[in-house]
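> Below is the sequence, then the predicted model.
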Amino acid sequence: MKSQSILLAFCLLFFSFSLKAQDSTLSYQVLRFQTEGTARLGSGLAQIRIPKGFKYLDPKQSHYVLETLWENPPSSTMGMLFPEYANDTFPATWAIEISYSDEGHVDDEDAADIDYEDLLEQMQDEVEEGNEARKQAGYQSISLLGWASTPFYDAKNKKLHWAKRLRFGTDSAETLNYNIRILGKAGVLVVNAIGSPEDLPEIKQELDGILTAIDFTEGNAYADYKEGVDKKASYGIAGLIAGGILMKTGLLAKIGIFLLKFSKLIIVGLIAGASALWKWITGRKKDSANDSTPQIGSEDPLA
């Protein structure tokens with residue numbers, strides 16, 4: 001028992017050292033997720049019926065994850081959706097962030113005529129042109145590598161989704177940015193899944209459930225739009241996709257997800273190192289002990 005207590009003290013010491021090495025001023029908090037039922041988004045503007053296998057994080061806690069843990073610039077959010085296996089302190093998984101753009105009702109008449117390869121080239125040029133401003137603001141440059149999933153518009157349900165492959169700065173790792181837009185009476189729900197390209201199969205597998213779970217409430221849906229009464233956007237579907245690269249979509253994150261994954265590996269490595277050190281210490285004690293004399297409590301519980 002005494003041996004186990006000493007080992008625990010070692011682990012806590014290494015864990016504390018690791019956290020201080022990451023940020024000596026940050027006090028980490030345990031996240032309180034909603035795991036079932038329906039969550040109101042905004043002031044009843046929309047809602048999310050939490051799908052099986054997911055858990056919802058309210059706006060206040062989502063700000064903490066986005067801005068403190070993942071180092072995005074401050075911006076509004078309606079909350080986040082995480083896979084149920086996400087850690088309650090370090091949610092280093094892919095996630096879905098929900099916000100709202102009130103730029104107006106988006107006319108979808110151009111949806112059938114868009115050449116998405118031409119649109120991609122325009123977006124790549126715009127991203128490249130904006131990199132100098134991003135660098136001056138203290139953020140990494142962005143490379144838009146291509147579509148991870150070509151845009152698809154569901155005209156019946158007024159839901160649009162596409163995915164981009166991105167690279168930040170000189171990082172060799174790619175980032176996946178999966179975009180979902182739900183068109184409403186006077187604005188658009190901005191729903192983004194952020195993760196790595198390896199997460200794409202899982203995101204695609206869960207996409208139908210996510211699309212079904214999030215929607216505008218009655219009176220705020222696309223069909224509720226009144227010409228001349230409600231605000232109308234100055235762009236259509238093509239502009240919604242192209243403009244998405246300039247809106248808050250997690251693109252300015254400093255690859256927080258990957259930093260968190262790496263940090264967790266560091267912590268695990270340090271604890272493993274503590275365990276190995278303890279085995280080495282107890283091993284030396286065993287070697288120096290009289291083999292013919294039973295040693296109460298001398299057996300290493302982790303061996």
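Yep, it's here. If you're wondering where the values come from, they're calculated on a predicted model, not measured in any experiment.
> Tell me where the chain has strands.
38-41, 46-49, 54-57, 79-83, 95-101, 142-154, 159-168, 175-183, 188-195, 214-216 (DSSP state E).
> Adding distance to residue 136 and mean neighbour count, write these out as CSV.
Quick note: C-beta positions are derived from backbone N, CA and C, even for glycine. Formatted as CSV, those follow (distance: least, Cβ to Cβ, whole Å; neighbours: other Cβ atoms under 10 Å):
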stretch, distance to residue 136, mean neighbour count
strand 38-41, 34, 17
strand 46-49, 35, 19
strand 54-57, 32, 23
strand 79-83, 29, 23
strand 95-101, 25, 22
strand 142-154, 14, 17
strand 159-168, 16, 21
strand 175-183, 22, 23
strand 188-195, 24, 24
strand 214-216, 35, 22
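> Let me have these in CSV, extended by mean pLDDT and distance to residue 122.
Formatted as CSV, the strands of the chain follow (pLDDT from 0 to 100; distance: least, Cβ to Cβ, whole Å):
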stretch, mean pLDDT, distance to residue 122
strand 38-41, 96, 31
strand 46-49, 97, 30
strand 54-57, 97, 34
strand 79-83, 96, 30
strand 95-101, 94, 20
strand 142-154, 94, 10
strand 159-168, 91, 13
strand 175-183, 90, 16
strand 188-195, 90, 20
strand 214-216, 96, 28
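> so which of these comes closest to residue 117?
Closest approach to residue 117 among those (Cβ to Cβ): strand 142-154, 8.6 Å.
> Not counting its own residues, what contacts that closest one?
108, 111, 114, 116, 119-120, 123-124, 127, 130-131, 134, 159-168, 174, 176, 178, 197, 200, 204, 211, 237, 241, 245, 251 (Cβ atoms under 8 Å, 6 or more residues apart in numbering).
> Adjacent strands (with direction) for it?
Paired strands of strand 142-154, with direction, are strand 159-168 (antiparallel) (DSSP bridges).
> Give me the neighbour count for residue 126.
14 (other Cβ atoms under 10 Å).
> do residue 239 as well
Count around residue 239 with other Cβ under 10 Å applied: 16.
> And it, how far from residue 107?
10 Å (Cβ to Cβ, to the nearest Å).
> ditto for residue 182
Residue 182 is 15 Å from residue 107, by Cβ to Cβ.
> cool, and residue 73?
For residue 73, the distance to residue 107 - Cβ to Cβ - is 30 Å.
> These two: which has the busier surroundings?
A direct count of neighbours by other Cβ under 10 Å for residue 73 and residue 107 places residue 107 higher, at 16 against 12.
> Could you tell me the model confidence score at the closest residue to the more buried one other than its chain neighbours?
With sequence-adjacent residues excluded and distances taken as Cβ to Cβ, 6 or more residues apart in numbering, residue 107 is closest to residue 236, at 5.2 Å. We have a pLDDT of 94 for residue 236.
> How about residue 301?
26.
> cool, and residue 137?
pLDDT, residue 137: 84.
> what does residue 9 give?
47.
> Skip the chain neighbours and tell me the closest residue to residue 195.
Nearest one to residue 195, counting by Cβ to Cβ, 6+ apart, is residue 94 at 2.8 Å.
> Next, count neighbours for that neighbour.
Around residue 94 there are 21 residues (other Cβ under 10 Å).
> what sits against it?
Counting by Cβ under 8 Å, 6+ apart, residue 94 has contacts 83, 176, 193-196, 199, 202-203, 257.
> now residue 141
Residue 141 neighbours (Cβ under 8 Å, 6+ apart): 131, 134-135, 168-169.
> Buried ones among those?
Neighbour counting by 16 or more other Cβ atoms under 10 Å classes 134, 168 among the contacts of residue 141 as buried.
> Where does pLDDT dip in the stretch 151-300 of the chain?
Low-confidence segments of the stretch 151-300 of the chain, defined by pLDDT under 70, span residues 244-300.
> circling back to that earlier point, was I right about the residue nearest to residue 107 contacting residue 109?
Yes: between residue 236 and residue 109 there is a contact under Cβ atoms under 8 Å: 6.5 Å.
> Neighbour count: those two, which is higher?
Comparing residue 236 with residue 109 by other Cβ under 10 Å, the one with more neighbours is residue 236, at 16 against 8.
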